[in-house]
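1. turn this into a model:
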Amino acid sequence: MPGYGDSPPVETVVTAQGRVVFLDRVLQELGMRRPVLVSPSMSGRFSLPFLLEQGDRLSGFVPIAPVGTKDYTAEQYQRVQTPTLILYGDRDTGLAPQALQNLQHLPEHHVVILPGAGHACYLDKPEDFHRVLLGFLRQLK
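-> From the prediction side, this is the model:
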């Protein structure tokens, strides 16, 4: 992701609107129509503004203890109609509870907590993570 890890800083993704434009461009370049957006941790800075502005373009949303949930109001979340699977590990006692507190305002959400998993629950419990994710994907329209 631009500006994270070893990637150089990018001026265009400094603002939430810039991150929406970036993610929109990525989805267009990949030719994706109504994808499911899986968003762990730091990617929340990109996925959340996109969800709130263009959530109707997504078939589903899977936030995994994303950062930035407190930047939006309950009313903003309540306007989103995208089916959402809120997923996190029960050992993530820092970010996950805060994210859940905010994301629970999404009207079309379901919560799954993976026992014995930490912040990167998809790495700690990959089989459980994939089973839950595939179950969510199967029930989407």
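
2. strands of this structure, residue ranges please.
-> Along the chain, the stretches classed as strands by DSSP state E are 36-40, 60-64, 84-89, 109-114.

3. pull out the buried positions in the first one.
-> Read that as strand 36-40. Of all the residues in strand 36-40, those buried under the rule 16 or more other CB atoms under 10 Å are 36, 37, 38, 39, 40. C-beta here means a position set from N, CA and C on the backbone, and glycine is covered the same way.

4. I'd like these as CSV, with pLDDT and distance to residue 72 appended.
-> As requested, those are arranged in CSV below (pLDDT from 0 to 100; distance: CB to CB, whole Å):
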residue, pLDDT, distance to residue 72
36, 97, 20
37, 97, 16
38, 97, 19
39, 96, 14
40, 95, 18
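
5. stretch 80-87: how far from the chain's middle?
-> Offset of stretch 80-87 from its chain centre (CA atoms, centre = their mean, to the nearest Å): 9 Å.

6. what mean pLDDT does that stretch get?
-> Average pLDDT, stretch 80-87: 97.

7. coming back round to it: out of the buried residues of strand 36-40, which one sits closest to residue 26?
-> Proximity of the buried residues of strand 36-40 to residue 26, judged by CB to CB, is greatest for residue 37, which lies at 10.5 Å.

8. quick check: the closest one vs residue 106, distance?
-> Distance of residue 37 to residue 106, given as CB to CB, to the nearest Å: 13 Å.
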